[in-house]
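>>> Please work out how this folds:
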Amino acid sequence: MTTKRTIEDNLLQEEFDKLDKDKTGKISAVDFRQFIVHGAHLKFFHPSTIDIYIAELSHETGWINFERFKEFVTLDTSKFKNSLITIELKQAFNEVDTNKDGFISPQEARLGITLAGQRISGSHFSRIAHMFDDNGDGKMSFEEFSTNIMKLFNE
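Numbering: from 1, shown residues only. Prediction:
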């Protein structure tokens, strides 16, 4: 059974075929990165985020097939829940989680805020830390971090 292709699929296939110079049905991660790095909607992402996303997209093989190309091109970066933002949040979380235990303690959060050049009074910091600690265990998991960042983003 063949799947009916849309006009959008055909246009995407044409773009993919331009990058698939040797007509193997796949493009190198290097060529793909050169193609996407000039996208205006990606200028806000850290270069390492893009590299991690490309590695995930290629299943660590270094090659992107048409379906994965289509997945990227149709990715809505204006929506909070997408792979690029998740990677970016995970990188930020890991930078603040200095002891690498998978949680951000209040001390690590305070240090992260200070290193980011921000100053928050003790009472404001306590409210923010409490807001991000959904289960009240005194530390913040990545899930709590990303969920609460999403809430702030959607306000």
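>>> how about the strands in the chain?
26-28, 63-65, 103-104, 140-141 (DSSP state E).
>>> Go through these and name the closest to residue 154.
strand 140-141 (18.8 Å; C-beta to C-beta). C-betas here are computed from N, CA, C, even on glycine.
>>> avg pLDDT for stretch 82-94?
The average pLDDT within stretch 82-94 is 85.
>>> Can you pull out the residues in contact with it?
Contact with stretch 82-94 is made by 42, 45-46, 48-50, 52-53, 56, 75-77, 100, 104, 142, 145-146, 149, as judged by C-beta atoms under 8 Å, 6 or more residues apart in numbering.
>>> centroid residue for the protein?
residue 84 (2.2 Å; C-alpha atoms, centre = their mean).
>>> Next one: it from residue 24, what distance?
With distances taken as C-beta to C-beta, to the nearest Å, residue 84 is found 26 Å from residue 24.
>>> swap in residue 124?
Counting by C-beta to C-beta, the gap from residue 124 to residue 24 is 56 Å.
>>> next one: residue 146
To residue 24, residue 146 is 37 Å away according to C-beta to C-beta.
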